[in-house]
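K.L.:
Below: sequence and its predicted model.
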Amino acid sequence: MTTVSKFGRKEAPAKAGKEKEARVFLVSPYLQLGQHFHLLKQSLEVVFHSLWGDLDLRWSFSGAKGGGLARNQVAVLLARDLVKVHGQPDHYRYRFLLNDNSCPAGAPFRYEVLHKGKVVFAENGRAPPAPAQSWRLAVVGDIGDGSPGSLATAAKLLQSAPNLVLFPGDLVYDRGRFSEYQKHFFPVFNAQPEATSGAALLCQVPSVAAAGNHDLGTPRQPEELDWKKFPDAFAYYLFWSQPLSGPSLPGLKETLYKRGRNRKKLTAMYGNSALDGSSFHFRFGMVHFIVLDANRHMDWSNEGLRAWLAGALAAGADADFRIVSFHQPPFNSDSKYKIEQRMRLICDLLEEGGCDLVFSGHSHLYERTYPLRFTPAKKDSRGCAVMRPDGQVPGRIELDKGFSDKGVSNEDRPGGVIYVVSGAGGTLVDAKHLPTASQFTKKLNWQENTYTVIDFEPGKLVCRQLNLAGAEIDRFELTKRR
Ligand SMILES: [Fe+2]
């Protein structure tokens with residue numbers, strides 16, 4: 001897979017035949033926060049892949065200063081990169097920026113992709129909310145298998161009308177390949193009007209994604225980076241346009257680069273900084289989000305990484321809530337995954353940094369802990385918890401069983417971080433993963449597909465876990481009046 005700036009090479013995509021001409025999009029338009037969202041807070045990106053090199057985008061929004069509709073705003077073409085992917089025709093990836101200071105926060109907008117002045121795609125979206133506005137977040141992970149459960153979950157996500165969707169990893173099974181996105185992800189979550197199944201969600205609602213173990217190459221990375229078998233792996237870095245506010249620590253990639261050809265291939269595909277792009281932070285409304293790469297090539301005991309995370313949490317000090325998301329949960333009751341405790345290495349930072357909620361996936365179930373504080377049994381010379389070779393991080397777990405779940409006042413605040421696994425978005429746990437509630441488990445559900453909906457208003461959030469029939473599986477509230 002090679003992406004090259006339009007200015008970098010002269011090659012054009014293969015000449016389109018009649019059949020290809022009829023198919024404008026290899027990947028239909030979808031909304032992303034974009035690489036500059038942490039700087040331009042109200043600006044979204046429209047991303048799509050096409051064989052055609054001469055597409056434009058215009059947009060309009062309501063509620064402009066002076067009233068009425070601001071028509072035909074020019075979207076900024078950020079990039080039109082030539083993409084060479086094994087198994088796909090050479091094509092362009094477009095990234096357009098919807099940026100206009102006069103577009104009010106939360107305003108509905110319409111965007112249109114044009115070919116020689118003719119509209120070839122049109123969809124509606126909503127601008128990100130202002131800090132004082134109420135808004136809705138939807139969360140669900142482990143979605144990318146194309147199963148009936150994922151299709152039904154996608155439909156429910158769309159019905160819930162969120163302003164933002166957060167996917168805590170395992171976006172496509174089995175190995176994060178471009179071809180797998182085409183089979184299991186976009187048809188389910190970005191279905192187009194002519195489709196007979198799937199939901200037109202991502203074209204209307206911006207989404208962010210943590211990278212799961214299945215998203216970055218192999219489930220048992222890094223030893224299985226086999227480019228012959230998986231030549232279109234690591235498509236995460238191509239499809240997700242997310243804030244470039246992450247750490248830049250090239251030394252941490254050495255595990256992934258262990259083999260010389262891995263370094264060569266990855267650098268050729270994504271440049272030197274690509275792998276830094278899977279951890280980032282941003283503000284959406286009054287909530288500060290931090291998304292982390294929790295895969296094995298990331299050593300979260302590294303001082304530089306820990307300093308970056310502490311800084312990212314501190315950057316959310318004036319937000320109403322701080323929410324952190326990564327794929328592999330530090331606390332879960334999945335019988336196979338419960339010993340994968342690598343992310344307990346950052347519990348001290350989450351607690352000291354005022355993290356309210358953590359969303360993970362990996363286990364294909366729903367689980368919420370009591371508000372929790374963790375003290376590791378052993379610390380290294382840098383003060384970081386020590387992980388055993390088998391991945392376990394033993395220590396003392398303190399639970400706030402007095403938290404009412406109502407969060408009705410500042411006095412009724414949880415005494416610790418609440419860890420949520422929302423990974424029931426596709427195929428559910430099988431016999432190898434059947435959970436048994438742990439000491440820290442407040443709520444556990446593994447028998448049905450469920451997803452999380454959080455409603456934010458200034459100083460308050462209401463978090464609900466819903467099944468596909470709309471029944472409430474779990475609910476709690478947090479209040480932080482200033
Ligand atoms: Fe996973």
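P.N.:
Perfect, I can see it now. Note that this is a predicted model, so its numbers are computed, not measured. Residues are numbered from 1 along each chain as shown.
K.L.:
distance between the ends of stretch 31-40?
P.N.:
15 Å (CA to CA, to the nearest Å).
K.L.:
Contacts made by that stretch with the rest, please.
P.N.:
Defining contact as CB atoms under 8 Å, 6 or more residues apart in numbering, one finds that stretch 31-40 is touched by 43-47, 78, 95, 97, 99, 125, 202-208, 240-245, 280-284. Yep, even glycine has a C-beta here, placed from its N, CA and C like the rest.
K.L.:
Return the set of buried residues in it.
P.N.:
Within stretch 31-40, the residues that count as buried by 16 or more other CB atoms under 10 Å are 31-38, 40.
K.L.:
so can I have TSV of those showing secondary structure and pLDDT?
P.N.:
Formatted as TSV, the buried residues of stretch 31-40 follow (DSSP: H, G, I helix; E, B strand; the rest coil; pLDDT from 0 to 100):
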residue	secondary structure	pLDDT
31	strand	98
32	strand	97
33	coil	96
34	coil	94
35	coil	90
36	coil	88
37	coil	90
38	coil	86
40	coil	81
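K.L.:
any idea of the mean pLDDT in stretch 176-191?
P.N.:
What stretch 176-191 shows for mean pLDDT is 95.
K.L.:
Distance from the chain centre to that stretch, please.
P.N.:
15 Å (CA atoms, centre = their mean, to the nearest Å).
K.L.:
Just the buried positions in that stretch, please.
P.N.:
For stretch 176-191, by 16+ other CB under 10 Å, it's 176-182, 184-191.
K.L.:
do stretch 229-238 as well
P.N.:
Buried, per 16+ other CB under 10 Å, within stretch 229-238: 230, 232-238.
K.L.:
Kindly report the same for stretch 417-436.
P.N.:
417-429, 433, 435.
K.L.:
again, but for stretch 453-470
P.N.:
Neighbour-count burial for stretch 453-470 [16+ other CB under 10 Å]: 453-454, 456, 460-467.
K.L.:
Ok, stretch 114-126 next?
P.N.:
Quick answer for stretch 114-126 (16+ other CB under 10 Å): 120-121, 123, 125-126.
K.L.:
now these in CSV, with secondary structure?
P.N.:
Putting these into CSV (DSSP: H, G, I helix; E, B strand; the rest coil) gives the following:
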residue, secondary structure
120, strand
121, strand
123, strand
125, strand
126, strand
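K.L.:
give me the number of residues near the residue in the stretch 351-482 of the chain that the ion sits nearest to?
P.N.:
Residue nearest to the ion within the stretch 351-482 of the chain: residue 362 (4.0 Å; CB to the ion). Per other CB atoms under 10 Å, the neighbour tally for residue 362 reads 27.
K.L.:
again, but for residue 303
P.N.:
12.
K.L.:
What distance do you get for it to residue 383?
P.N.:
10 Å (CB to CB, to the nearest Å).
K.L.:
which ones among the contacts of stretch 31-40 come in contact with the ion?
P.N.:
When these are checked against the ion using CB under 5 Å from the ion, none falls in range.
K.L.:
Could you tell me which of those belong to strands?
P.N.:
44-47, 78, 95, 97, 125, 207-208, 280-284 (DSSP state E).
K.L.:
pLDDT at residue 229, what is it?
P.N.:
At residue 229, pLDDT is 80.
K.L.:
ah, wrong one, I meant residue 232
P.N.:
87.
K.L.:
sec struct for it, please.
P.N.:
coil.
K.L.:
quick one, what contacts it?
P.N.:
1, 85-88, 177-179.
K.L.:
Among the residues you listed, find me the one that's closest to the ion.
P.N.:
Checking the contacts of residue 232 one by one against the ion (CB to the ion), the nearest turns out to be residue 177, at 15.6 Å.
K.L.:
Does the closest one touch residue 235 like I think?
P.N.:
Yes - using CB atoms under 8 Å, residue 177 is in contact with residue 235, at 6.0 Å.
K.L.:
who's in contact with residue 106?
P.N.:
Contacts of residue 106 (CB under 8 Å, 6+ apart): 126-130, 133, 135, 163.
K.L.:
Name the nearest residue to it, sequence neighbours excluded.
P.N.:
residue 129 (4.7 Å; CB to CB, 6 or more residues apart in numbering).
K.L.:
Pretty sure the one you found sits against residue 135.
P.N.:
Yes - the criterion here is CB under 8 Å, and residue 129 meets it with residue 135 at 4.2 Å.
K.L.:
so what sits against both of the two?
P.N.:
Joint contacts of residue 129 and residue 135 (CB under 8 Å, 6+ apart) are 106, 163, 284-285.
K.L.:
Now flag whichever of those residues is closest to the ion.
P.N.:
Nearest member of these to the ion, counting by CB to the ion, is residue 284, at 24.5 Å.
K.L.:
Just list whatever residues bridge to the closest one.
P.N.:
residue 287 (DSSP bridges).
K.L.:
Can you get me a residue count around it?
P.N.:
Every residue meeting other CB under 10 Å relative to residue 284 is counted, giving 23.
K.L.:
How about the contacts made by the residue nearest to residue 440 when sequence neighbours are not counted?
P.N.:
Sequence neighbours aside, residue 369 is the residue nearest to residue 440 in space, at 4.4 Å (criterion: CB to CB, 6+ apart). With contacts taken as CB under 8 Å, 6+ apart, residue 369 has the following neighbours: 331, 399, 418-420, 440-442.
K.L.:
any idea how far stretch 171-178 is from the chain center?
P.N.:
14 Å.
K.L.:
same check, this time on stretch 304-322
P.N.:
That offset, for stretch 304-322, works out to 18 Å (CA atoms, centre = their mean).
K.L.:
May I have it as CSV, with CA atoms only?
P.N.:
The C-alpha coordinates for stretch 304-322 follow below in CSV (Å, rounded to 0.1, in the frame of the first residue of the first chain):
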residue,chain,number,x,y,z
GLY,A,304,7.9,9.7,27.7
LEU,A,305,4.6,8.1,27.0
ARG,A,306,3.5,8.5,30.6
ALA,A,307,4.5,12.2,30.5
TRP,A,308,2.4,12.7,27.4
LEU,A,309,-0.6,11.0,28.9
ALA,A,310,-0.3,13.0,32.1
GLY,A,311,-0.2,16.2,29.9
ALA,A,312,-3.2,15.0,27.9
LEU,A,313,-5.2,14.5,31.1
ALA,A,314,-4.1,17.9,32.4
ALA,A,315,-5.2,19.5,29.2
GLY,A,316,-8.7,18.4,30.1
ALA,A,317,-8.7,20.1,33.5
ASP,A,318,-11.3,22.7,32.5
ALA,A,319,-13.6,20.2,30.8
ASP,A,320,-16.7,18.9,32.5
PHE,A,321,-15.5,15.3,32.1
ARG,A,322,-12.4,13.4,31.0
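K.L.:
measure the residue lying closest to residue 393 once chain neighbours are set aside to residue 397 for me?
P.N.:
Spatial nearest neighbour of residue 393, chain neighbours left out: residue 344 (3.9 Å); criterion: CB to CB, 6+ apart. From residue 344 across to residue 397, the span is 10 Å (CB to CB).
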